[in-house]
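> Give me coordinates for this.
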Amino acid sequence: MELKLFSLTLNNFGCYYKKVRKPNAALKYLKAALNLEKADKGITKVELAGTYLNLCAIYSGLNRHFDAVQNAVKAIHLVKRSLRYIDKNKSNKNAINRVD
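Numbers count the residues shown, from 1 in each chain. Got it, this is the predicted structure:
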């Protein structure tokens, strides 16, 4: 749980620095959040996808569109996997699965 909260805090710092137009600082915090999220078995695919989308926005703002698209595609794949899991387990109340 501590890793999840720390990665959320880093993600929030990334969003803050995007808002105040400091994209390089935002990128630093979002990359750190992503690294923690990848190591945390308790993170959901949807949460991980959100970080990839935040990275996409920063890369796009830095005119690094190839990097932006790569992160967007990763987010899309994660969300699709979650939706397939939900479809297979409609009766399960905790249908948002964990990262494999």
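> what about residue 46, how many neighbours?
When counting by other Cβ atoms under 10 Å, one arrives at 16 neighbours for residue 46. All C-beta spots, glycine's among them, are computed from the backbone N, C-alpha and C.
> Oh, that last question was meant for residue 63, not what I typed.
By other Cβ under 10 Å, 8 other residues sit near residue 63.
> and it, helix, strand or coil?
Per DSSP: H, G, I helix; E, B strand; the rest coil, the local secondary structure of residue 63 is coil.
> Residue 9 versus that one, what's the distance?
Relative to residue 9, residue 63 is positioned 28 Å away (Cβ to Cβ, to the nearest Å).
> same deal with residue 42?
The gap separating residue 42 from residue 9 is 15 Å, by Cβ to Cβ.
> neighbour-wise, which of these two wins?
Taking other Cβ under 10 Å, residue 42 and residue 9 do not tie; residue 9 has more neighbours (14 against 11).
> so the more buried one is in which element?
With the criterion set as DSSP states H and E, the secondary-structure element containing residue 9 is helix 2-19.
> now the following helix or strand past that helix: how far from the chain's centre is it?
Scanning forward in sequence from helix 2-19, with DSSP H and E defining helices and strands, the next element found is helix 23-39. Relative to the centre of its chain, helix 23-39 is centred 9 Å away, using Cα atoms, centre = their mean, to the nearest Å.
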